[in-house]
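In: Build me a model from this:
(one chain, ligands or ions: 2)
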Amino acid sequence: MNSDNFIEDIIVSDLETNKITTVITRFPPEPNGYLHIGHAKSISINFGIKEKFSGKCNLRFDDTNPVKEDLEYVDSIKEDIRWLGYTWDQELYASDYFDKTYAAAITLIKKGLAYVCDLSAEEIRETRGTLTEPGKESPYRNRSIDTNLELFINMKEGAYPDGSKVLRAKIDMSSPNINMRDPVIYRILRATHHRTGDDWLIYPMYDFAHPIGDAIEHVTHSICTLEFENHRPLYDWVTENCGFDKPYPQQIEFARLNMKNTVMSKRYLKKLVDDGFVTGWDDPRMPTLSGMRERGYPALAIREFCSRIGVAKANSEVDSDLLEFCVREHLNKHADRVMAIEKPLKVIIENIAPDQYFDFYVDNNPNSPSLNKHDVRLRREIYIDDSDFSLCPPPKYHRLFEGGMVRLKGAYVLKHLKTIMTNDNTKIDHLVCEYLPDTAPGESNSSIKVKGVIQWVSVFDALDIVLHKYESLLTDPKGGITNFNERLNANSLEVILNAKAEPFALTGGSDCGFQFMRMGYYKLDPNSGDSLIFRRIVSLKDKFNTKM
Ligand code: ATP
Ligand code: MG
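Out: Ligands and ions are numbered 1, 2, ... in the order given. All right, here's what the predicted structure looks like:
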């Protein structure tokens, strides 16, 4: 085999040898939080296989832990998968199988392969042994089948308090694999489940429910992350001993996605939400799919990212610059260009009369085959960006300086005449300039040599906008800081008031947002009302490429 995707190699071989006829995968989120970029990788693997091999992929909610699960999470997970552009074959829940899972437990008990144990959680932990020492057998291990049946049925009927008894698989307390040392497969828990309500007082453990769900759905390849590699013998033990038909589902592990400066654990993401450090799971700074959607990351860019990182068998850390690179690459092709000004500096163009104007037509997107254009109007008063004028220009400064010239994007060459200071003489109030006639693109003097081109917006037409720029929520542990709260980046949101944009930023364009020329990619926050908040999706700077 020669592909760089070892999972697909296994599937190709299973199809060729007729071990299976149709490949069936599943994506099994626990509805205890919103999906994050790590889940996107798992989604793209599972649904990607369905698409590539004309197979099936189910969405199976792993809802075996009623305490943490919620319908809000179920709905958000479905929305996020749809947004990525994938469709599942069946929407299923581990709780759909609570009856069958219970029946499987009874099967095990009847085969002498499971027993009710009265040890406390702590005692079970203490007798489990270590990597170098075998575990100790429970004093309840040799209860008779009849006793076990009776006790387990009583557990289900509510005869015992929470935590007082568990059902354990009877495997091997001296197995070198700790997961095989009589793992707990059912526990007593009085908690209202978001789907089954108060029907059940006992709940199966993940390691028991998961292979059963897979076997019931005839999943052929059960793809999970590397932490479950040591659980595979237990996975196989369950499918083989609970009376399911062959071929048994095959568990395959891959390396989970880890990213620099990014926390990818629902527990910590939930903490950020609960502590009010972010506005919600869909805060544009969150590494959740809903946050990325709010921020303006295109779904296709996320899919491209997942395909570029590929499928590996060894854990590693992916640079978040690669994700930004994919976002930028997509937007560069699809986002319309707009002129905006982050820090306005007023310029009066002396040789344009107050009621005079010139219309110029600039490309919406020079990379788009349609080559649509829109109108920008040059008037006597314009804004340029404060950073595009310098009183003491450093060497090789190509923008505007005293007595210098610069091209206004899509329009005339502008020549500096005077700098007018504020009354107290502390800062520049405005500039006085003139335009050079016939120097617009395509006109007789357009070949005049000026090195710099800057964006501009006419004062009369300008939209007042607010910019939100984002940095990562977390900083990587430095100087030994591992405390989560100390890693929080207090400067993850920068708000820039009083920015300006040409009217096309509101009326025009592509769904995916705009390239504010020379500034970055931005998208209007649809809920920002009159204040017109534009969120920066990604900067223009390509940190990823420069490293290559
Ligand atoms: P978390 O630690 O964030 O709670 P989880 O693994 O408990 O993650 P689940 O909802 O159980 O979250 O995950 C659903 C599927 O997504 C699982 O198959 C899991 O292996 C996969 N998954 C979760 N995180 C990642 C990741 N960082 N990279 C790749 N796959 C992941
Ligand atoms: Mg999980």
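In: From Ser44, how far off is Phe305?
Out: 9 Å (Cβ to Cβ, to the nearest Å). For every residue, glycine as well, the C-beta is placed using N, CA and C.
In: What of Phe401?
Out: 50 Å.
In: And those two? Which one has more around it.
Out: Per other Cβ atoms under 10 Å, whichever of Phe401 and Ser44 has more neighbours is Ser44, with 22 against 19.
In: Ligand 1 contacts on the stretch 51-200 of the chain?
Out: Residues of the stretch 51-200 of the chain found near ligand 1 (Cβ under 6 Å from any ligand atom) are Asp62.
In: So which residues of the stretch 51-200 of the chain form strands?
Out: 56-61, 91-93, 114-117, 166-169, 184-188 (DSSP state E, counting those that start in this stretch).
In: can the ones you listed go into CSV with extra columns for mean neighbour count and mean pLDDT?
Out: Below are the strands of the stretch 51-200 of the chain laid out as CSV (neighbours: other Cβ atoms under 10 Å; pLDDT from 0 to 100):
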stretch, mean neighbour count, mean pLDDT
strand 56-61, 23, 98
strand 91-93, 17, 97
strand 114-117, 24, 98
strand 166-169, 24, 98
strand 184-188, 20, 98
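In: Minimum distance to Phe358: which of the ones you listed has it?
Out: Among the strands of the stretch 51-200 of the chain, strand 56-61 comes nearest to Phe358, with 56.3 Å by Cβ to Cβ.
In: Show me what that closest one pairs with in its sheet, parallel or antiparallel.
Out: Using DSSP bridges, strand 56-61 pairs in its sheet with strand 24-27 (parallel), strand 91-93 (parallel).
In: ok, back up a step: quick one: closest of the strands of the stretch 51-200 of the chain to Ser265.
Out: strand 56-61 (18.8 Å).
In: residues contacting Ile37?
Out: Ile37 sits next to Leu257, Met259, Thr262, Met264, Pro287, Thr288, Leu289, Met292, Ile302, Leu323 when contact means Cβ atoms under 8 Å, 6 or more residues apart in numbering.
In: check those against ligand 1, which are close?
Out: Answer for the contacts of Ile37 near ligand 1 (Cβ under 6 Å from any ligand atom): Leu257, Met264.
In: Save the strands paired with strand 56-61 as TSV, and put in distance to His416 too.
Out: Compiled in TSV, the strands paired with strand 56-61 are given as follows (distance: least, Cβ to Cβ, whole Å):
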stretch	distance to His416
strand 24-27	60
strand 91-93	65
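In: Ignoring the adjacent residues along the chain, who's closest to the closest residue to ligand 1 within the stretch 101-250 of the chain?
Out: Here the stretch 101-250 of the chain gets closest to ligand 1 at one residue, Thr225, 3.8 Å apart by Cβ to the nearest ligand atom. Excluding the flanking residues, the one nearest Thr225 by Cβ to Cβ, 6 or more residues apart in numbering is Arg256, at 4.1 Å.
In: mind listing what the one you found touches?
Out: Gly38, Lys41, Thr225, Leu226, Glu227, Met264, Asn315.
In: near ligand 1, which residues of the protein?
Out: 28-30, 38-39, 41-42, 62, 224-225, 256-257, 264-266.
In: biggest separation within these, which pair?
Out: With Cβ to Cβ as the measure, no two of the residues of the chain next to ligand 1 lie farther apart than Asp62 and Leu257, at 18.8 Å.
In: who has more neighbours, the two?
Out: Set side by side, Asp62 and Leu257 show more neighbours around Leu257, with 24 against 19, by other Cβ under 10 Å.
In: Tell me who's in contact with that one.
Out: Applying Cβ under 8 Å, 6+ apart to Leu257 gives the contacts Ile37, Gly38, Lys41, Met264, Ile309, Val318.
In: So among those, which ones count as buried?
Out: Among the contacts of Leu257, those buried by neighbour count (16 or more other Cβ atoms under 10 Å) are Ile37, Gly38, Lys41, Met264, Ile309, Val318.
In: which one in the residues you listed is the model shakiest on?
Out: Least confident entry in the buried ones among the contacts of Leu257, by pLDDT: Met264, with 88.
In: Phi, psi for the closest residue in space to that one that isn't next to it in sequence please.
Out: Once flanking residues are discounted, Met264 sits nearest to Gly38: 4.5 Å by Cβ to Cβ, 6+ apart. Taking degrees, to the nearest 10, you get phi -60, psi -40 for the backbone angles of Gly38.
In: ok, Gly38 to Thr262 distance?
Out: Applying Cβ to Cβ to Gly38 and Thr262 gives a distance of 9 Å.
In: if we can go back for a sec, out of the contacts of Ile37, who's nearest ligand 1?
Out: The nearest one, if we look at those relative to ligand 1 and count by Cβ to the nearest ligand atom, is Leu257, at 3.7 Å.
In: what pairs with the closest one across the strands?
Out: With DSSP bridges as the rule, Leu257 is bridged to Ser316.
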